[in-house]
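J.: predicted model and sequence below, questions to follow.
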Amino acid sequence: MRRDPTSVPSVRPTARLLALALSMPLALAAAAAAAQAGKQPASPGPASSGPTGAAPTSRQPADFAACLERLRPEAAAKGVSLATFDAQTATLMPDMGVVASLDAQPEFVTPIWDYLAALVDDERVADGRAMLAQWAEVLKRVEDEYGVDPATVVAVWGVESNFGRNFGKRPLLESLSTLSCFGRRQSYFRGEFFTTLKIIEEGHVAPERLTGSWAGAFGHTQFMPSTFMRLAVDFDGDGRRDLVDSVPDALASTANFLRRAGWNGAEPWGFEVGLPAGFDASVAGRRNKQPMSDWAARGLRRVDGSALPGGSTPAALLLPAGPSGPAFIVTRNFDALYSYNAAESYALAIAHLSDRLRGGGPFATPWPTDDPGLSRAERRELQTLLIARGYDIGEADGMIGKRTRDALKAEMALLGHESDGRAGQKALAALRR
């Protein structure tokens, strides 16, 4: 379940990833965990044969056609009829842009405070509460069936596709066939390509409706095709599992994913805590689970000063920006959220948005920065100010891409400020002046 990298802000690696210095090819999860999450695994797989890289060459169309011909019997062996394969691949052409995206997933390249500022802002909270009201009856049935509360399901929906507004625009067959023939992890993407053909063949989603992220995620809650086949459900009873045009199917499928990932409706995902003076931060880490009572014995308390819950519930301490930033005790429910996209920052965004949808407020502890991130409304304002200064950056859509960063870098230099092109509060304040 992965978005187009331009659809959300990018984020610095969280606690266990900080030492890896902001590079995308992080060992964030084993391939099996990423497959469970329905995402393209971020860790490189075995070297694969065939052309690599995204630079266009005159040979690519011929290489692509030859690759598809080689895939034809393999698809048939996986249960795809040759008639379906031939019909759906007849006009396909490679999209080499998706190969470049293999090493540019967004959760790992800029500060976590930028990522969360745009993903969990007042606008998304208001929209999420409206969705909770609009789909209350469906969400109640989903909770009764799968044991996942409405706020959590809606938070996934909001983060993954902005409540169905941003599915991604790349045709899945084009993206996945390209990744099956070029670049690394071809074997993984071939499986997703063949599964997409099976989705079409079984009539769940029409081919023209299968658009999504560069890696092949699609629908309201951005399932990869293999995840769809394993975990998508027909919740509206029309005989099809449709995550594109059926909100009930999408919400129920998301809850089914989380339940299968270990979600326990009797526990919270976690909560913000305060650390005692002199606390040894080396014990932090999502995988370092200890009984809740042990964390209490170490002097941790809820951020409002109240005591931690007692008992033996396994929990871990998460320090996404180190000991000087917000700290969280997280349970196995946080791991279930993590499995959806194999990034702690992503899981924290969903967890925090779900709390906000329940009426909670922002984190009590500020991020350790003097230049906090921008909400989507502030990003649009920044872009509008750049456009007014004559920069051609396209629409003021709140998505900070290369043209916006280049324009911001140039304008900050003209204003006498140092700038790396990052859109933060300091840049916005300078443009306002």
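T.: Yep, it's here. Computed from a predicted model, the values in this text were never measured in an experiment.

J.: could you check how far Asp335 is from Pro268?
T.: Counting by CB to CB, to the nearest Å, the gap from Asp335 to Pro268 is 13 Å. Yep, even glycine has a C-beta here, placed from its N, CA and C like the rest.

J.: I misspoke; the intended subject was Glu395.
T.: 39 Å.

J.: tell me which of those two has more neighbours.
T.: The neighbour count for Glu395 versus Pro268, taken as other CB atoms under 10 Å, is higher for Pro268 (18 against 10).

J.: mind listing what Ser324 touches?
T.: By CB atoms under 8 Å, 6 or more residues apart in numbering, Ser324 lies in contact with Pro368.

J.: just Phe235 next, same as before
T.: By CB under 8 Å, 6+ apart, Phe235 lies in contact with Val138, Arg141, Val142, Ser246, Pro248, Asp249, Leu251, Ala252, Ser253.

J.: out of the residues you listed, who's nearest Phe182?
T.: Taking CB to CB as the measure, Phe182 sits nearest to Ser253 out of those, at 30.2 Å.

J.: how about that closest one: what's its closest non-neighbour residue?
T.: Nearest non-adjacent residue to Ser253, counting by CB to CB, 6 or more residues apart in numbering: Ala232, 4.4 Å away.

J.: how many other residues sit next to the one you found?
T.: Ala232: 28 surrounding residues under other CB under 10 Å.

J.: repeat for Lys409
T.: A count of neighbours around Lys409, defined by other CB under 10 Å, yields 16.

J.: go on, Gly398?
T.: 21.

J.: please apply the same query to the one 3 residues further on.
T.: Burial measure for Gly401: 13 neighbouring residues, criterion other CB under 10 Å.

J.: got a pLDDT number for it?
T.: For Gly401, the pLDDT comes out at 90.

J.: need the helices for the stretch 201-350 of the chain, in chain order.
T.: For the stretch 201-350 of the chain, applying DSSP state H, counting those that start in this stretch gives helices covering 225-231, 247-260, 292-297, 332-341, 344-357.

J.: dump those helices to a markdown table, plus mean neighbour count.
T.: Output for these, formatted as a markdown table (neighbours: other CB atoms under 10 Å):
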| stretch | mean neighbour count |
| --- | --- |
| helix 225-231 | 21 |
| helix 247-260 | 25 |
| helix 292-297 | 16 |
| helix 332-341 | 24 |
| helix 344-357 | 25 |
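
J.: those helices: which one's closest to Met399?
T.: helix 344-357 (16.3 Å).

J.: tell me which residues touch the closest residue to Leu300 other than its chain neighbours, please.
T.: Nearest residue to Leu300, sequence neighbours excluded (CB to CB, 6+ apart): Val273, at 4.9 Å. Residues in contact with Val273, defined by CB under 8 Å, 6+ apart, are Trp295, Leu300, Arg301, Arg302, Val303, Leu308, Leu317, Ala327, Phe328, Ile329.

J.: quick check: next helix or strand after the helix or strand of the chain with the lowest mean pLDDT?
T.: Taking mean pLDDT, DSSP states H and E as the measure, the helices and strands of the chain show their lowest mean at helix 31-37, namely a mean of 33. The helix or strand immediately downstream of helix 31-37 is helix 60-77, counting by DSSP states H and E.

J.: now that following helix: mean pLDDT?
T.: Taken as a whole, helix 60-77 has an average pLDDT of 94.

J.: mind listing what's buried along it?
T.: Within helix 60-77, the residues that count as buried by 16 or more other CB atoms under 10 Å are Gln60, Phe64, Cys67, Leu68, Leu71, Ala75.

J.: now do the helix or strand just after that helix: everything it contacts.
T.: Note on helix 60-77: by DSSP H and E, the next helix or strand toward the C-terminus is helix 82-89. Contact with helix 82-89 is made by Leu68, Leu71, Arg72, Ala75, Ala76, Leu173, Ser177, Leu197, Ile200, Glu201, Pro207, as judged by CB under 8 Å, 6+ apart.

J.: residue contacts, the second one?
T.: Pointing back at Leu71 there. Phe85, Ser177, Ser180, Cys181, Arg190, Phe193.

J.: looking at these, which two lie furthest apart in space?
T.: For these, the farthest-apart pair by CB to CB is Phe85 and Cys181; their separation is 14.3 Å.

J.: with neighbour numbers in mind, choose between those two.
T.: Neighbours were counted for Phe85 and for Cys181 using other CB under 10 Å; Cys181 has more, 25 against 21.

J.: pretty sure Glu145 contacts Pro248?
T.: No. Using CB atoms under 8 Å, Glu145 makes no contact with Pro248, being 11.1 Å away.

J.: thinking again about what came up before, any common contacting residues for Asp335 and Pro268?
T.: Residues touching both Asp335 and Pro268 do not exist when contact is defined as CB under 8 Å, 6+ apart.

J.: picking up where we left off before, hmm, the residue nearest to Ser253 is touching Ser246, no?
T.: No. The pair Ala232 / Ser246 is not scored as a contact, 10.0 Å apart, by CB under 8 Å.

J.: may I see the contacts of Val273 organised as CSV, with pLDDT and distance to Gly373 added?
T.: Shown next, in CSV, are the contacts of Val273 (pLDDT from 0 to 100; distance: CB to CB, whole Å):
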residue, pLDDT, distance to Gly373
Trp295, 96, 29
Leu300, 96, 27
Arg301, 96, 27
Arg302, 96, 25
Val303, 95, 20
Leu308, 93, 29
Leu317, 98, 24
Ala327, 98, 19
Phe328, 98, 18
Ile329, 98, 24
